[in-house]
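Undergrad: could you look at this predicted model? Sequence included:
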Amino acid sequence: MNTYNIEDLYTGQTEQFETEISFEMFNAFRAVTCDTNPLHCDEDYAKNNGFKGRVAYGMLTASFLSTLAGVFLPGERSIIQSVDVRFPRPVYEGDKLLVRGTVTEIHESVRQITVAVEIKNQRDESVLKGKMKVGVRNG
């Protein structure tokens, strides 16, 4: 886990990690949210509606931004203040995702950074794009 202070961060700084979407993730997310939309739960329904299989919850994909901020950028001292994302492509079970964040702005006076975020699948296709504003608490 990183422990960056606001003074340690710089514009252009990038952190990233990889994860794979599993069957267990689908089930755990459904259990927490109670979202039983058949697009996420029923393989045949998803295929009959033009997808190649069950579509991962968009917010499951976006939840990796919590890991990005809380573990990597800035890490332990983070507090997410806002998230603005879009989902250009669906995510499926078995997809391998690369989660990347790059510092685009630093506001030392309010101890906040802006992070451009992108998640790509194993085919190097963007499945999430956006930005986060993250507070950096004093160490």
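TA: Here it is on my side, so go on. Numbering: from 1, shown residues only.
Undergrad: can you get me a residue count around R30?
TA: Number of residues near R30 (other CB atoms under 10 Å) recorded here: 16. No exception for glycine: its C-beta is placed from N, CA and C like everyone else's.
Undergrad: please identify the buried residues of the one helix or strand it maps to?
TA: Under DSSP states H and E, the secondary-structure element containing R30 is helix 23-33. Under the neighbour-count criterion of 16 or more other CB atoms under 10 Å, helix 23-33 has 25-26, 29-30 buried.
Undergrad: quick one: least confident of those?
TA: Lowest in pLDDT among the buried residues of helix 23-33 is F26, which has 89.
Undergrad: quick one, strands of the protein?
TA: Assignment of strands within the chain using DSSP state E yields the ranges 14-20, 78-86, 96-107, 112-120, 126-136.
Undergrad: as TSV, the ones you listed with mean neighbour count and mean pLDDT would be great.
TA: Formatted as TSV, the entries for the strands of the chain read as follows, by neighbours: other CB atoms under 10 Å; pLDDT from 0 to 100:
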stretch	mean neighbour count	mean pLDDT
strand 14-20	14	98
strand 78-86	14	98
strand 96-107	17	98
strand 112-120	21	98
strand 126-136	20	98
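Undergrad: can you add distance to T36 and give those back as TSV?
TA: Below are the strands of the chain laid out as TSV (distance: least, CB to CB, whole Å):
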stretch	distance to T36
strand 14-20	23
strand 78-86	23
strand 96-107	24
strand 112-120	24
strand 126-136	22
